[in-house]
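In: let's see this in three dimensions:
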Amino acid sequence: MDHKLMLTIPGPTPVPEPVLLAQAKHPMGHRSGEFCAIVAEINENLQWLHQTKNQVITLAASGTGAMEAGIINFLSPGDRVLVGSNGKFGERWGLVAKAFGLNVELVEAPWGQPLDPEAFGKRLRADTDKTIKAVIITHSETSTGVLNDLEGINRHVKAHGEALIIVDAVTSLGATSVPVDEWGLDVVGSGSQKGYMMPPGLAFVSVSEKAWQAYATATLPKFYLDLGKYRKALKEDSTPFTPPVNLYFALQASLQLMKKEGLDQIFARHDRLKRMTRSAMKALNLPLYAADDCASPAITAVMPQGVEAEKVRSVLKKRFDIAVAGGQDDLKGKIFRIGHLGFVSDRDALTAIAALEATLIELGAEGITPGAGVAAAAKEILAAS
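Out: This next block holds a predicted model:
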């Protein structure tokens, strides 16, 4: 049947109908008073979502664009930075930082394991000359399903006193609490196609006053991603360049839906979906790639044994029109990743789990008790009610 594709990948994520309909409206002039009113509402709601009084800048970009902007606006060539690397995206930020001539030191952990806050603390305490200018962290490592201890790492950054903390919150913002002001986070980047429940195309950067002070002396080249231009335009509820007007309509609608649900309810839903998925995988004897105590609320990585990960993905797609993500780099063909962030409900999770059970049976997987995964997930729903 056409038009029944179900996305259970870490992005893009499913989009609510009101957001799709909002995007389908006729465009309006981006310098009009009507559009400025939309920008003002969006900015207020972005601050609510980020739990901050800081300015949150909207860019026409992907999450990678947000993170690149977060690096080039606050640092200068040769600056010493620590980059946490325990997956594909941690590795990426190291490459981005090197591309701009920064002095990059990786703080690493094996893929599938969380970064150790004390590893950052040791290097930061040793930096008595305060030469470390920034610490760059991926909060939710999408490639492995690990949620890094951002709060713990940030405590060491704050004790250092000088370094900025720059956070990739692309798959954590809107899926788990990222209290920007409470934790004193300096730069936080995210993307629209994840927890924001809308299509790709927009990126967001929350900027602290401390970061703006660093901006005043940063010398890396920038033009379109010069956040100072956006900061100036925000004072007029405007944008420095032509924005994707219809994506702003979608963003307005998605933030309204999120406010209606409430922050606590959003975070509780994602935690429940995580527990449902992980309990179901355990009941189906499918090994999980990340441990329970560092599991992301956005994505669960599964390393099947006795069946091929790519065959599981293929049958789910062909027979049930359900898309799950594959592994990246060395994990290609070894894991599949189930996304459960954004516009995802208990019903969606149960549907995906039931289809996975049927897929495993079709592929002749051993040790599968029909219904065990669904039953395990249902228990998590009851436990949360």
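In: can you tell me which residues contact Glu158?
Out: That one is not Glu; residue 158 is Lys. Shown in contact with Lys158 (CB atoms under 8 Å, 6 or more residues apart in numbering): Gly184. No exception for glycine: its C-beta is placed from N, CA and C like everyone else's.
In: pLDDT score assigned to it?
Out: The confidence metric pLDDT takes the value 98 at Lys158.
In: and it, what element?
Out: Assessed by DSSP states H and E, Lys158 sits inside helix 150-160.
In: on the C-terminal side of that helix, identify the next helix or strand.
Out: With DSSP H and E, the next secondary element past helix 150-160 is strand 164-168.
In: if we look at that following strand, which residues are touching it?
Out: Everything outside strand 164-168 that qualifies as a contact, by CB under 8 Å, 6+ apart, is 63, 67, 70-71, 74, 89, 93, 133-139, 150, 153-154, 157, 178, 184-189, 210-211, 214.
In: do the same with stretch 119-134
Out: Here stretch 119-134 has contacts from 71, 74-76, 79-82, 84, 105, 107, 109, 135, 153, 156-157, 159-166, 214, using CB under 8 Å, 6+ apart.
In: distance between it and the chain's centre?
Out: 27 Å (CA atoms, centre = their mean, to the nearest Å).
In: same check on stretch 131-138?
Out: In terms of CA atoms, centre = their mean, the centre of stretch 131-138 is found 19 Å from the chain centre.
In: can I get that stretch in CSV? Just the C-alpha atoms.
Out: These are the backbone C-alpha positions of stretch 131-138, laid out as CSV (Å, rounded to 0.1, in the frame of the first residue of the first chain):
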residue,chain,number,x,y,z
THR,A,131,44.8,27.5,27.3
ILE,A,132,41.8,25.3,26.7
LYS,A,133,39.2,27.5,25.0
ALA,A,134,36.3,25.1,24.5
VAL,A,135,35.0,21.6,25.2
ILE,A,136,32.9,20.2,22.5
ILE,A,137,30.5,17.4,23.4
THR,A,138,27.9,15.3,21.7
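In: could you identify the buried members of the contacts of strand 164-168?
Out: Buried by 16 or more other CB atoms under 10 Å: 63, 67, 70-71, 74, 89, 93, 133-139, 150, 153-154, 157, 178, 185-189, 210-211, 214, out of these.
In: what about the closest residue to Ile266 other than its chain neighbours, neighbour count?
Out: Nearest non-adjacent residue to Ile266, counting by CB to CB, 6 or more residues apart in numbering: Met258, 6.3 Å away. Other residues lying near Met258 total 20 when counted by other CB atoms under 10 Å.
In: so Met258, which state does it fall into?
Out: State at Met258, reduced to three classes by DSSP: H, G, I helix; E, B strand; the rest coil: helix.
In: do the same with Leu7
Out: Quick answer, by three-state DSSP: Leu7 is strand.
In: how much space between it and Asp321?
Out: 10 Å (CB to CB, to the nearest Å).
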